[in-house]
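> Build me a structure from this.
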Amino acid sequence: MEKRKSLWVWSAFLFLVFSVGCAVAPVRDEIKVDLRVPVGKIEGNQFNGMRFPFKVSAPPNWQISTEYPKFMLKLGFEKEGLEESEVFLFNPDTQSNLQIDFTPAGRYSKFDQETIDWATTIAGTSFKSEFEKDYGVKIPFKISPTETYSLKGVPFAARRYTTYTIKGVNREHGWIYAFAEPYQIFIIYMRMEKEGVDDRSAIKAILDSFEYIPQGSK
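Sure, this is the predicted structure:
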């Protein structure tokens, strides 16, 4: 049951990628990602992207890796989706986690805040539908409104999140969809509540540390 639920993130966003407004004429050159370039470099508590221009830091008691932690599969994430992300930050004690994925935008795709808000809202609707298929409608489930979100160096971003309880553990599962020319940015996180541990503040610190650095601005 968990596996089907986890598909919401990638299936929903794949749909959104091809559903954003399209221009009649190309709005950018085709972006080719050189997979020979390393994903990035981890120094201490900071990740500096090399394949894509961004950086992010981990708070105390959290770890950074370019490989997904195996426990995420048990939480319901699909291996194929995890392999698409560039970097993972996680608390090995609570299993709270956050992943970041960059995807080049198509030549004809146009973005603005309204489009980003709409796409983020649709992703939430998809998640709610998958959740109810897996667990029914009797499990308490709350979903937030879509909100404009601020990320350093990113002109358009929106966030939505859900809260629910599975196997006695309160969870917050959230996603941020963003665009900074020429990339779509997907940030997905899951907070696993544990008494005495403030992962909510830790995730906020991670998001506050995220910065997109356009080429030529270093």
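> and residue 204, helix, strand or coil?
Secondary structure, DSSP: H, G, I helix; E, B strand; the rest coil: residue 204 is helix.
> Please report how far it lies from residue 72.
Per Cβ to Cβ, to the nearest Å, residue 204 is found 20 Å from residue 72. To be clear about C-beta, it is placed using only N, CA and C from the backbone, and glycine gets the same treatment.
> Next: residue 209.
Applying Cβ to Cβ, the value for residue 209 to residue 72 is 21 Å.
> and the two? which has more neighbours close in?
The residue with more neighbours, out of residue 209 and residue 72, is residue 72; 21 against 17, by other Cβ atoms under 10 Å.
> in what helix or strand does the more buried one lie?
Per DSSP states H and E: residue 72 is located in helix 71-74.
> Same question for the first helix or strand past that helix going along the chain: list its buried residues.
Sequence-wise, the next helix or strand beyond helix 71-74 is helix 79-82, with elements assigned using DSSP H and E. Judged by neighbour count using 16 or more other Cβ atoms under 10 Å, the buried positions of helix 79-82 are 81, 82.
> In a helix, residue 117, correct?
Yes. With three-state DSSP as the criterion, residue 117 is located in a helix.
> Not counting sequence-adjacent ones, nearest residue to it?
Nearest residue to residue 117 in three dimensions, chain neighbours excluded: residue 158, at 4.8 Å (Cβ to Cβ, 6 or more residues apart in numbering).
> which other helices and strands contact the helix or strand where that neighbour lies?
Taking DSSP H and E as the criterion, residue 158 maps to strand 156-166. On a contact count with 3 or more Cβ pairs under 8 Å, 6 or more residues apart in numbering; DSSP states H and E, strand 156-166 meets helix 113-135, strand 141-143, strand 147-148, strand 169-180.
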